[in-house]
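1. structure of the sequence below:
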Amino acid sequence: MVLPARLARLAFALALLSIVLAAPAAASAQLPKLNAGFSPHPTPRLNEQRALALFLADQKVADWLDRYPPGRSSSATFDRARGQWKAHVWSGEAGEIATGLVDDASGEVVEAWTGPQVAWKMARGGHGAFGGKVLDSAPVWFGLCGVFLLGLADLRRPLSLRNLDLLVLISFSASLWFFNRGEIFTSVPLAYPPLVYLLARTAWIGFRRRALPPWRPLWPVWVLAATTVFLAGFRIGLNVEAPRGVIDVGLASVVGADRILDGQAPYGHMPVRGDRPPCGKADADGDIRERIQTNGRCEAAVETGDTYGPSVYLAYLPATAVFGWSGRWDSLPAAHATAIAFDLVTMLGLVLVGRRLGGTPLAVALAFGWAAFPFTAYTLNSNSNDPVMPAALVWGFWLASSPWARGGAAAIAGWAKFSALLVAPLWGTYPSGLQRRTLLRFAGGFAAATVALFSILLLEPNLIDALRTFGKRTLEYQLDRESPFSLWDWGQYHARGIPNLSALQTLLQVGVLALAGVAAAVPRRKGPLELAALTAAVLLAFELVLTHWFYLYLPWLLPFVLMALFLQQRDAYAAS
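-> Predicted coordinates:
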């Protein structure tokens, strides 16, 4: 039913208000338990038993410890320089389950971390820890959500499914809001309903070959185009104005590129702490990241920085060659430059896809969707390497009429983030199923790109050892890693009321592999709409079963979700 225009706008405004109320950073993020002040004393006023008693009496700590059986062990040590007691609590298989600081002068618990917050500092919350404080502020985040909806929604038909789809896309904001508060056991479950919904929607579109009704933009195309240009510049400005905004992922990517420039493969050659001599200042926890490495340089340690495929480090090669790496975790201009470049490359690829498959209106809509979606800005401002994979897939989609190009793009994307390897069967059978000539050409493109990418392993003295190191440092690490940022690894806490869903995860992982195979075969004949929708479905299914999931992964699937929502049915050959 189509509502009158005034009522339609009112309904849409109410829907937007509901998202705004749940968006992240509605106020400054509140750390679970943290006070800044302390007064150091050379001689402690408290003893270990009293400091522990105060810590264990803290309401947050006591509530968490109630989930564990008796027999816990605990200890506290006094830091004379800071005038604080550092408390620790352990429980059997769960290991350390609580830690924090007690001020010796006042007896106040100034920090209390429990559960995932013990081992994961990023689980402790904090305003602007990822994406920067400006982006995480209420006006900017709310503004991007509103612009995204107003630019793409059909206000003439406010109850349309496409409008609901767009609302679901920005509903990840509710999960992010709780993440910024350090409430992991609330933020994580909130990410799954939108993932499941989008998986169902894209699979329905792809398998049933049902395009949504044609999109009728409310605004003139030139207005959306101008807004896209403004947003692109605004996002770059935010990135440049936050020189210290590079997370460890960006650091690792720059270090890997630096190693290649030095004539080494990244795998097994990342800077480490170990027993290396310190050469930098200690952080708040007394840890010294900068160490003298075997190459004689003072470098910031990033021990697990070699867990990505070769595409990532090669993507950072040009900027690292230009800007270099100081050896420290400083402003890292090479990380900023690469993040900005791949953000723009993805946007340009979406313009080309839109121009080919729907003309200028579709081209502008896809680019606008990327530029206005707040989580792509979140990823850009974190200077993560996550846009490398979707950039490769978007450009491969533009060249989808060529099996060679599809194969090469699938390899480049898959050897950046391994999730993209799951779309290879789907892309290999496009557009007409198991066609021998098409499969051979796709495999040839995939193999050629793979050989070119893995040629960096020839920098090592022994290729077999280099391949073995690659497998150990990447695939083996990813399969064995632990994380609190999904439902699947909460069994590690052995806490009453926290489920262990590892068996269900294994079952669902088998289902994801089955989905990748079915999507390659059904429907046998596919057009661009089916290819986009099923690519989105496979990537969404993969993200659903990941042990370590994070908001930076949303750009992996956004281009193909947008295509599924805005492309129209057409023949693959006509599209070429």
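2. all helices for the stretch 401-550 of the chain, in order.
-> Here the stretch 401-550 of the chain has its helices, by DSSP state H, counting those that start in this stretch, at 403-414, 424-428, 436-454, 463-471, 477-480, 502-521, 528-544.
3. got the buried residues for the longest one?
-> Spelled out, that is helix 502-521. 505, 509, 512, 515-516, 519-520 (16 or more other Cβ atoms under 10 Å). From N, CA and C alone the C-beta is placed, and that goes for glycine too.
4. contact partners of it?
-> Residues from elsewhere that reach helix 502-521 (Cβ atoms under 8 Å, 6 or more residues apart in numbering): 203, 206-207, 422-423, 425-426, 428-429, 433-434, 487-489, 491, 534, 537-538, 541-542, 544-545, 547.
5. got the CA coordinates for that helix in CSV?
-> This file holds the C-alpha atoms of helix 502-521, laid out as CSV (Å, rounded to 0.1, in the frame of the first residue of the first chain):
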residue,chain,number,x,y,z
SER,A,502,31.4,-24.4,19.4
ALA,A,503,29.5,-27.6,18.2
LEU,A,504,26.8,-25.4,16.6
GLN,A,505,29.5,-23.4,14.9
THR,A,506,31.1,-26.5,13.4
LEU,A,507,27.7,-27.6,12.0
LEU,A,508,27.1,-24.1,10.5
GLN,A,509,30.5,-24.0,9.0
VAL,A,510,29.6,-27.2,7.1
GLY,A,511,26.5,-25.4,6.0
VAL,A,512,28.5,-22.5,4.6
LEU,A,513,30.6,-24.8,2.5
ALA,A,514,27.4,-26.4,1.2
LEU,A,515,25.9,-23.0,0.4
ALA,A,516,29.0,-22.1,-1.6
GLY,A,517,28.6,-25.3,-3.6
VAL,A,518,24.9,-24.8,-4.1
ALA,A,519,25.3,-21.2,-5.2
ALA,A,520,27.7,-22.3,-7.9
ALA,A,521,25.1,-24.7,-9.3
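6. relative to helix 528-544, how tilted is that helix?
-> Angular relation of helix 502-521 and helix 528-544 on a 0 to 180 degree scale: 170 degrees, by axes from the mean of the first three to the mean of the last three Cα atoms, to 10 degrees.
7. including distance to residue 151, could the buried residues of helix 502-521 go into a markdown table?
-> Converted to a markdown table, the buried residues of helix 502-521 look like this (distance: Cβ to Cβ, whole Å):
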| residue | distance to residue 151 |
| --- | --- |
| 505 | 37 |
| 509 | 37 |
| 512 | 32 |
| 515 | 31 |
| 516 | 33 |
| 519 | 30 |
| 520 | 34 |
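8. quick one: which of these is nearest residue 157?
-> residue 519 (29.6 Å; Cβ to Cβ).
9. where does the stretch 451-576 of the chain have low pLDDT?
-> Along the stretch 451-576 of the chain, the model assigns pLDDT under 70 to residues 572-576.
10. tell me the mean pLDDT over stretch 315-322?
-> If you average the pLDDT over stretch 315-322, you get 98.
11. do the same with stretch 120-128
-> Mean pLDDT, computed over stretch 120-128, is 92.
12. buried residues of that stretch, list them for me.
-> Here stretch 120-128 shows 122-128 as buried, counting by 16+ other Cβ under 10 Å.
13. how about stretch 487-507?
-> Neighbour count says stretch 487-507 has 487-495, 498, 500-501, 505 buried, by 16+ other Cβ under 10 Å.
14. and these, which two are furthest apart?
-> 495 and 505 (18.0 Å).
15. quick one: the strands in the chain, in order.
-> 73-79, 84-91, 95-103, 109-114, 290-292, 298-300 (DSSP state E).
16. relative to strand 84-91, how tilted is the first one?
-> Direction vectors for strand 73-79 and strand 84-91, defined by the same axes, to 10 degrees, enclose an angle of 160 degrees.
17. how far away from the center of its chain is strand 73-79?
-> 36 Å (Cα atoms, centre = their mean, to the nearest Å).
18. any figure for the gap between residue 504 and residue 486?
-> Using Cβ to Cβ, to the nearest Å, we find residue 504 at a distance of 12 Å from residue 486.
19. scratch that, residue 143 is what I was asking about
-> Residue 143 is 30 Å from residue 486, by Cβ to Cβ.
20. and these two? Which one has more around it.
-> residue 486 (21 against 14; other Cβ atoms under 10 Å).
21. next up, the contacts around the nearest residue to that one once chain neighbours are set aside.
-> For residue 486, ignoring the flanking residues on the chain, the nearest one in space by Cβ to Cβ, 6 or more residues apart in numbering is residue 549 at 4.7 Å. Counting by Cβ under 8 Å, 6+ apart, residue 549 makes contact with 191, 483, 485-486, 543.
22. do that again at 10 Å, thanks
-> Contacts here follow Cβ atoms under 10 Å, 6 or more residues apart in numbering; on that basis residue 549 touches 188, 191-192, 195, 483, 485-488, 542-543.
23. burial count for residue 214?
-> 10.
24. once you drop chain neighbours, what's closest to residue 258?
-> residue 325 (4.4 Å).
25. report the two of the contacts of residue 549 separated the most.
-> 188 and 542 (17.0 Å).
26. which of the two has more neighbours?
-> Taking other Cβ under 10 Å, residue 188 and residue 542 do not tie; residue 542 has more neighbours (26 against 22).
27. ok, now how distant is the more buried one from residue 422?
-> Counting by Cβ to Cβ - residue 542 and residue 422 are separated by 6 Å.
28. likewise for residue 139?
-> Counting by Cβ to Cβ, the gap from residue 139 to residue 422 is 39 Å.
29. pick out whichever of those two has more residues nearby.
-> Per other Cβ under 10 Å, whichever of residue 139 and residue 422 has more neighbours is residue 422, with 21 against 9.
30. mind checking pLDDT for that one?
-> At residue 422, the pLDDT recorded in the model is 98.
31. i'd like the first residue to be 28 from this point on
-> All right, first residue 28 from here; so that's residue 449.
32. list the contacts of it.
-> Neighbouring residues of residue 449 by Cβ under 10 Å, 6+ apart: 437, 441, 539-540, 542-544, 546, 562, 565-566, 568-569.
33. want to throw those residues into TSV with distance to residue 469?
-> TSV is the format used below for the contacts of residue 449 (distance: Cβ to Cβ, whole Å):
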residue	distance to residue 469
437	8
441	13
539	21
540	19
542	20
543	15
544	16
546	15
562	15
565	16
566	19
568	22
569	20
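34. kindly indicate which of the residues you listed lies nearest residue 241.
-> Using Cβ to Cβ, the contacts of residue 449 come closest to residue 241 at residue 562, 21.6 Å.
35. residues touching the closest one, list them.
-> 229, 233, 420, 423-424, 447, 449-450, 453-454, 457, 546, 584, 586-588, 590-591.
36. thanks again, I'm all set now.
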